[in-house]
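K.L.:
Sequence and computational prediction follow.
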Amino acid sequence: MRRYEEVAEELVRQIQSGRWPIGGQFAPEVDLAAEFDVSRGTIRAALDIVEELGLVSRRPRRGTRVERLKPHSVFARSVHSVDDLMQYSVETNRQVLSIAEVVVDEVDARVLGCRPGQRWTKIRMLRIDPADDGWPLCCTDVYLEPDVAAAVGDQVLDPKRLISDMVEEATGRTVHTIEQRMRAATVPDAMVDMLRTTAGSPVLQMTRRYLDRAGQPFEITVSVHPADRFEYAVDLERGRG
């Protein structure tokens, strides 16, 4: 085992023993380097591991803060069908942060696959893992057509029900096809604190367009997943012949 891995293990033990309280500041790098008789580079490498486990968060000029006492889990999802995709929403909880009417600009229109100037109801929410002390898995912006959002109403505040199910119940429009795109990105500044991550850290941005039987989108979602909290698997079978 390398020295920085040994230091990381000891730091984890110290955090779990309560040496530093949750929400409190972690020891400065220079103090830790002296305590373990190693270089600051070794301490940074050790802290990288501790941060990846979700025990601490680091901010420029704000130092290192203790976030939790046990490592967070990674949410894994293997997808074969629309039903499998929906199951992810059932297994996690939704926390609505804001609801607003927006008119999308050219940048957002490219992401959403719609016309610039189109009006949507935007719902920002956190998707959290109830089995892991409410650890945030992702931040999602849900875009609904305004008349659809009006029909659904306050039902969107329900933490467990699928929004697409609410839409079907309120309007009769059902999900026939889901178009999905994924790309690597860095976490938006506005989501750093709510996702308890570090500015500039890598994320998976996933855009889904929910189409009815007429091929018209009535719901579009843009989800931002920190790279260390979500694993997405797709099984492909080779065709015969």
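P.N.:
The structure has been received and is ready for your questions. Note that this is a predicted model, so its numbers are computed, not measured.
K.L.:
Find the nearest non-adjacent residue to Trp20, please.
P.N.:
Val66 (4.7 Å; CB to CB, 6 or more residues apart in numbering). Yep, even glycine has a C-beta here, placed from its N, CA and C like the rest.
K.L.:
and the one you found, how many neighbours does it have?
P.N.:
A total of 19 residues lie near Val66 under the criterion other CB atoms under 10 Å.
K.L.:
correct me, but it touches Ser17?
P.N.:
No. Val66 is beyond contact range of Ser17, at 11.8 Å (criterion: CB atoms under 8 Å).
K.L.:
mind checking how far Arg40 is from Thr64?
P.N.:
As judged by CB to CB, to the nearest Å, Arg40 and Thr64 stand 13 Å apart.
K.L.:
Contacts only, for the residue nearest the centre of the chain.
P.N.:
Nearest to the mean C-alpha position of the chain, by CA atoms, centre = their mean, lies Cys138 at 1.4 Å. Contact partners of Cys138, counting by CB atoms under 8 Å, 6 or more residues apart in numbering, are 126-127, 195, 223-226, 229-230.
K.L.:
Most neighbours among those, which one?
P.N.:
Neighbour-wise, the contacts of Cys138 (other CB under 10 Å) top out at His225, 25 neighbours.
K.L.:
so it bridges to which residues?
P.N.:
Leu204 (DSSP bridges).
K.L.:
Wait, it touches Pro202, no?
P.N.:
No. Using CB under 8 Å, His225 makes no contact with Pro202, being 9.9 Å away.
K.L.:
Quick check: neighbours shared by the two?
P.N.:
What both His225 and Pro202 touch, as defined by CB under 8 Å, 6+ apart, is an empty set.
K.L.:
So what's the gap between the helix or strand where Asp165 lies and the chain middle?
P.N.:
Under the criterion of DSSP states H and E, Asp165 resides in helix 163-171. Between the mean C-alpha location of helix 163-171 and the chain-wide mean there is a distance of 24 Å, by CA atoms, centre = their mean, to the nearest Å.
K.L.:
ok, back up a step: want to throw the contacts of Cys138 into a markdown table with distance to Arg119 and pLDDT?
P.N.:
Below are the contacts of Cys138 laid out as a markdown table (distance: CB to CB, whole Å; pLDDT from 0 to 100):
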| residue | distance to Arg119 | pLDDT |
| --- | --- | --- |
| Leu126 | 24 | 94 |
| Arg127 | 25 | 89 |
| Leu195 | 28 | 92 |
| Ser223 | 22 | 93 |
| Val224 | 23 | 95 |
| His225 | 27 | 92 |
| Pro226 | 30 | 90 |
| Arg229 | 32 | 79 |
| Phe230 | 31 | 76 |
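K.L.:
Could you provide these in JSON lines, with additional columns for distance to Glu6?
P.N.:
Output for the contacts of Cys138, formatted as JSON lines (distance: CB to CB, whole Å):
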{"residue": "Leu126", "distance to Glu6": "35"}
{"residue": "Arg127", "distance to Glu6": "35"}
{"residue": "Leu195", "distance to Glu6": "29"}
{"residue": "Ser223", "distance to Glu6": "37"}
{"residue": "Val224", "distance to Glu6": "34"}
{"residue": "His225", "distance to Glu6": "31"}
{"residue": "Pro226", "distance to Glu6": "26"}
{"residue": "Arg229", "distance to Glu6": "26"}
{"residue": "Phe230", "distance to Glu6": "29"}
